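>>> fold the following and give me the result.
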Amino acid sequence: MDYDCIVIGGGHAGIEASLAVSRMGFKCLLITQNPDRIGILSCNPAVGGLSKGNMVREVDALGGEIGKLIDKTMIQFRILNRSRGPAVQAPRAQADKMAYQAAARSALEAQAGLNIMMDTVVDFLTGETSGAQGIPCVQGVVTGRGHKISSRTVILAAGTFMEGKIFIGEYEAPEGRLGEAAALGLGQNLRRRGFPVGRLKTGTPARVDASSIDFSAMEKQDGDEPEHFSYDEDLKSAVFLPQVPCWATFTNLETHDIIRKNISRSPLYGGKITGTGARYCPSVEDKVMRFPNRDRHHVFIEPEGLYTNEVYLNGLSCSLPEDVQADFIHSVRGLEKAIIVRPAYAVEYDYLDPLDLYPSLESKRLSGFFSAGQTNGSSGYEEAAAQGLMAGINAVLKMRGEAPFVLGRAEAYIGVLVDDLTTQGTKEPYRMFTSRAEHRLVLRHDTADTRLLPKARELGLINDTRWERFQKKLEGLEAIQELLKEKKVSLPFESEELPVRIPELSSWPKEWLERVCLDMKYAGYIEKEKRTAAKFGKLDAVKISPDTDYSSVLGLSSEAKEKLKAVRPITLGQAARIPGIRQGDIAILMMLSKKQ
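Okay, the predicted model is just below:
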């Protein structure tokens, strides 16, 4: 074999997947259409947010890279929902786009056992394998320039590039990003091989020159004091980049009138775009048409980086023609004279139905083939990074002949993400929300290391130095808690008060004090969530063979048989989470699992 693993795509999923494989001691090749675009923040140059910031910290705790990359390149930091409960708070940061790309590429190039190649993958090399179903196994890839490269596993992380097409009014082109050619051929060959391939749509707003904006007509939004996403202490001595503000303004009735008058020129409404877009992140034409009673919508002016005057018009994503874009942008207060550097556009692309994947993110129809990121129907850098890391880990475990690494819904937002995709599937771009997690109080962003770092250590993704520091942190957290109990500190209390009330705590890091305070304040609720999680965890401990012939199982309804065939769950818990599966069906599956 030329390589142990080939990763297709240099976005956030591809970065984490290739680093995980090589860090676990296996030889990896990352194939990307343009190495200069590795790690590009295609849409908003921001990382984190509600539930997303939690996933960034989870990826970091598991030995991933995205937390380190944003720490090195952030130019504004905020804790969202600070006024609300800890279960729904999360960090978010704007990044310097070019600095982020440079840091991402540097991380890949510095990694031993990892090579980068510029080309386009158009097909797979396959061979037969043994097994109950006799499915083929992946043996490498075929590239657009005719290379045949062998490997034991392959991870697909193509983002929006697989058969991608962009739309700007009447203009359309086979591109995955504006000015960048789509990856043509692979989507067609996946269809030919019987993979369930669909079409999704996303979009991005225009970028304008900041020097042409009247910021005096807008509301200034300064960030908070910068904090680290990564738990790695080696980064915490580094100086943050200069911090810059964001700005807020609104659309108005004139804006909406311009959009309505030109709606027939939108490919979204003219029928050119057939892919499904995201309901939770609609384009501006969607917002105007779907909410006719709203007289304004938020527009956030967010920086692209310290290196440029370009700014991102968050809230004005669209696919309207450029002349219409100019008209409605100029109707917004503060943007009357805005100079458009890059137009907004929509992009439609192929994705694989994630129901065709096991919870390990391995394909059910091609052994050794894994898929991650937007290729699985998700959206967002954080969701992509999380899946890339999990796919990389599981590709290695597959090669070792070991059981896959699957996180439970009570263990991580990553577990919720993967379970939702592989159990329920998606017909629109999937985005993580705190509301998707039943156990969000135990999945706080400040607890990711205690939840997941020991697992990363077992996988070989945490070095001795970081592990020793983590052990000292655990000892420190325990010491703080014991001291608070000894002093009989009454609730409620705030961590800032503690060094004043209890001088012995003044030497401990502020974040440790906050962590213990929250754990003690919400101890009753946390314990309740843990009991509930343990109850459902018993179902996840009951294994079901993925090769089960459900058509021959007596007592199951026709609907249950159809859905179980589609998902092919590997545990009783996963089966119970399939929409439409009844309690009676679970009882039958329980008896079946005992027989198996």
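
>>> which residues does residue 216 contact?
By CB atoms under 8 Å, 6 or more residues apart in numbering, the contact list for residue 216 reads residue 334. (Glycine included, C-beta is placed from N, CA and C.)

>>> using CSV, list the CA coordinates for the lowest-mean-pLDDT helix or strand in the chain.
Counting by mean pLDDT, DSSP states H and E, the weakest-scoring helix or strand in the chain turns out to be helix 498-501, with a mean of 76. Output for helix 498-501, consisting of C-alpha atoms alone and laid out as CSV, is shown next (Å, rounded to 0.1, in the frame of the first residue of the first chain):
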residue,chain,number,x,y,z
LEU,A,498,-14.1,33.4,46.8
PRO,A,499,-10.5,34.7,47.1
VAL,A,500,-11.8,37.5,49.2
ARG,A,501,-13.9,35.3,51.5
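
>>> and that helix, what does it pack onto?
Other helices and strands packing on helix 498-501, by 3 or more CB pairs under 8 Å, 6 or more residues apart in numbering; DSSP states H and E, are helix 510-521.

>>> which residues touch the helix it packs on?
Helix 510-521 is contacted from outside by 86, 227, 444, 446-447, 473, 476-477, 480-481, 484, 491-495, 498-499, 505, 526, using CB under 8 Å, 6+ apart.

>>> centre of the chain to it, how far?
Taking the mean C-alpha point of helix 510-521 and that of its whole chain, the gap between them comes to 27 Å (CA atoms, centre = their mean, to the nearest Å).

>>> after that helix, which helix or strand is next?
Following helix 510-521 in sequence order, the next helix or strand is helix 523-540 (DSSP states H and E).

>>> the helix or strand that that following helix is followed by: which residues count as buried?
Later in the chain than helix 523-540, the nearest helix or strand by DSSP H and E is helix 558-567. The neighbour-count criterion (16 or more other CB atoms under 10 Å) identifies 560-561, 563-564, 567 as the buried residues of helix 558-567.

>>> not counting helix 558-567 itself, show me its contacts.
For helix 558-567, the external contacting residues (CB under 8 Å, 6+ apart) are 355, 422-423, 548, 550-551, 553, 556, 574-575, 578-582, 585.

>>> rounded mean pLDDT for it, please.
Averaged across helix 558-567, the pLDDT comes to 90.

>>> may I see the buried residues of the helix or strand just after that helix?
Using DSSP H and E, the next helix or strand after helix 558-567 towards the C-terminus is helix 572-576. Neighbour-count burial for helix 572-576, counted by 16+ other CB under 10 Å, picks out 572-576.

>>> which of the contacts of helix 558-567 count as buried?
By neighbour count, with 16+ other CB under 10 Å, the contacts of helix 558-567 hold 355, 422-423, 548, 550, 553, 556, 574-575, 578, 581, 585 as buried.

>>> which one of those sits closest to residue 395?
When the buried ones among the contacts of helix 558-567 are ranked by distance to residue 395 (CB to CB), residue 422 comes first, at 16.0 Å.

>>> counting by contacts, list what the helix or strand where that closest one lies packs against.
Here residue 422 is covered by helix 413-424, with elements defined by DSSP H and E. Under the contact criterion of 3+ CB pairs under 8 Å, 6+ apart, helix 413-424 touches helix 52-61, helix 381-400, helix 572-576.

>>> what angle separates it from helix 52-61?
For the pair helix 413-424 and helix 52-61, the angle between their directions (axes from the mean of the first three to the mean of the last three CA atoms, to 10 degrees) equals 110 degrees.

>>> now do helix 413-424: everything it contacts.
With CB under 8 Å, 6+ apart as the contact definition, helix 413-424 has outside contacts at 51, 54-55, 58-59, 62, 354-355, 357-359, 361, 376-378, 383, 386-387, 389-390, 406-409, 426, 430, 432, 436-437, 443, 567, 569, 574, 577-579.

>>> show the buried residues in those.
Counted by 16+ other CB under 10 Å, these give 51, 54-55, 58-59, 62, 354-355, 357-359, 361, 376-378, 383, 386-387, 389-390, 406-409, 426, 430, 432, 436-437, 443, 567, 569, 574, 577-578 as buried.

>>> so what touches the host helix or strand of residue 449?
Using DSSP H and E, residue 449 sits within helix 448-459. Surrounding helix 448-459, the residues in contact under the criterion CB under 8 Å, 6+ apart are 24, 54, 57-58, 60-63, 231, 393, 405, 407, 411-412, 442-443, 462, 466-467, 470, 473-474, 477.

>>> is it possible to mark the buried ones in the residues you listed?
Applying 16+ other CB under 10 Å to those, the neighbour count classes 24, 54, 57-58, 60-63, 231, 393, 405, 407, 411-412, 442-443, 462, 466, 470, 473, 477 as buried.

>>> ok so, going back, the helix holding residue 449 vs helix 413-424, what angle?
Using the same axes, to 10 degrees, one finds that helix 448-459 and helix 413-424 are set 70 degrees apart in direction.
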